[in-house]
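Asks: using only what follows, build the 3D model:
(one chain, ligands or ions: 2)
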Amino acid sequence: KPLALPGAHVVVTGGSSGIGKCIAIECYKQGAFITLVARNEDKLLQAKKEIEKHSINDKQVVLCISVDVSQDYSQVENVIKQAQEKLGPVDMLVNCAGMSLSGKFEDLEVSTFERLMSVNYLGSVYPSRAVITTMKERRVGRIVFVSSQAGQLGLFGFTAYSSSKFAIRGLAEALQMEVKPYNVYVTVAYPPDTDTPGFAEENKTKPLETRLISETTSVCKPEQVAKQIVKDAIVVTMGLFRTIALFYLGSFDSIVRRCMMQRARSEIADKTA
Ligand SMILES: NC(=O)C1=CN([C@@H]2O[C@H](COP(=O)(O)OP(=O)(O)OC[C@H]3O[C@@H](n4cnc5c(N)ncnc54)[C@H](OP(=O)(O)O)[C@@H]3O)[C@@H](O)[C@H]2O)C=CC1
Ligand SMILES: CCCCCCCCCCCCCCCC(=O)[C@@H](N)CO
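Replies: Residues are numbered from 1 along each chain as shown. Ligands and ions are numbered 1, 2, ... in the order given. Here you go, the predicted model:
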């Protein structure tokens, strides 16, 4: 049942920096082949060199592809095609590309809401949409979404960021219900503040209240956050919320399974008729 990482193809968006880079290193250390997806080519090459230091055999490959995951679906689809041609079908997709901008609601430009929604939300929809058909066909796959603690609680200064991270949760839970019968598993990570280049950038413009709220918890190391995310993706378990919702989700899952079986039966009946 757990996904075997040795020899697996893992695509990490946002894999050139911070949490994404640490996730790539963690998977590479366990024998995976990696595709890094981000915009800046220098940062991609830098990260590739760093990741390659952790190889455990001489067959492992780190592929880099530059694309903006938030702009054009057909570009993202092409990137996934290229990656699959070089390293085979994607076994695990980690949607880690994202950014944070904070400020009081009335001080944020309207364009900031559009930007965060495209990068954090659509930037997770596009790569997932591009891998899902093959995963369902192969009956193999993991899709990881990186939300945030600010994706569980709406917090001062995060009207634009929190909503883009809440959106990810809705997407992930709905998608999980669709793909579970195909042995494809979806996980969502809700990390706390983590010491990354993106976090340093965010702190330059954080409102005081946001900073004080954020300082009530400690800052995590990206290696530690990455380790947990990879572990949760390999061995899928249930969080507290999911346990409470177990009855409902379980009965919904069985509706989905029943429909799938019914459809399969009528297809067979049609063929033999
Ligand atoms: N650090 C933290 O405190 C927390 C972070 N998170 C989330 O974790 C994720 C990673 O954060 P963190 O490691 O701090 O971020 P970093 O800023 O350090 O790294 C972001 C990565 O995403 C890439 N990226 C950003 N925008 C795009 C885009 N439009 N298209 C393709 N790639 C893109 C960047 O490369 P490039 O710029 O070259 O494209 C880079 O590789 C984000 O989704 C963030 O919201 C969640 C909770 C806490
Ligand atoms: C049941 C839920 C538990 C909630 C615990 C309470 C936490 C309050 C402090 C939260 C600090 C803000 C985190 C945002 C991290 C982030 O996404 C940005 N740093 C990205 O750069």
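Asks: excluding its backbone neighbours, what's nearest the closest residue to ligand 2 within the chain?
Replies: Going by Cβ to the nearest ligand atom, ligand 2 is nearest to residue 148 of the chain, at 3.2 Å. C-beta: built from backbone N, CA, C; applies to glycine. Leaving aside its sequence neighbours, residue 148 sits nearest to residue 165 (Cβ to Cβ, 6 or more residues apart in numbering; 4.7 Å).
Asks: the one you found - how many residues pack around it?
Replies: Other residues near residue 165 come to 26 when the count uses other Cβ atoms under 10 Å.
Asks: what of residue 217?
Replies: 10.
Asks: and residue 148, by the same measure?
Replies: Residue 148 has 24 neighbouring residues, counting by other Cβ under 10 Å.
Asks: tell me how far residue 25 lies from residue 84.
Replies: According to Cβ to Cβ, to the nearest Å, residue 25 stands 22 Å off from residue 84.
Asks: those two: which is more packed in?
Replies: Shown here are residue 25 and residue 84; by other Cβ under 10 Å, residue 25 has more neighbours (25 against 17).
Asks: any idea which helix or strand comes after the helix or strand harbouring that one?
Replies: Using DSSP states H and E, residue 25 maps to helix 18-29. Per DSSP H and E, the first helix or strand lying C-terminal to helix 18-29 is strand 33-38.
Asks: say whether ligand 2 is contacted by the helix or strand containing the residue nearest to residue 148.
Replies: Per DSSP H and E: residue 165 is located in helix 159-179. No - contact of helix 159-179 with ligand 2 (Cβ under 6 Å from any ligand atom) is absent, the minimum separation being 6.7 Å.
Asks: also stretch 202-215?
Replies: Yes - in terms of Cβ under 6 Å from any ligand atom, part of stretch 202-215 sits within range of ligand 2, namely 202, 213-214.
Asks: up against ligand 2, what does this structure have?
Replies: Listed as neighbours of ligand 2 in the chain under the rule Cβ under 6 Å from any ligand atom: 100, 148-150, 152-153, 155, 192-193, 198-199, 202, 213-214, 216-217.
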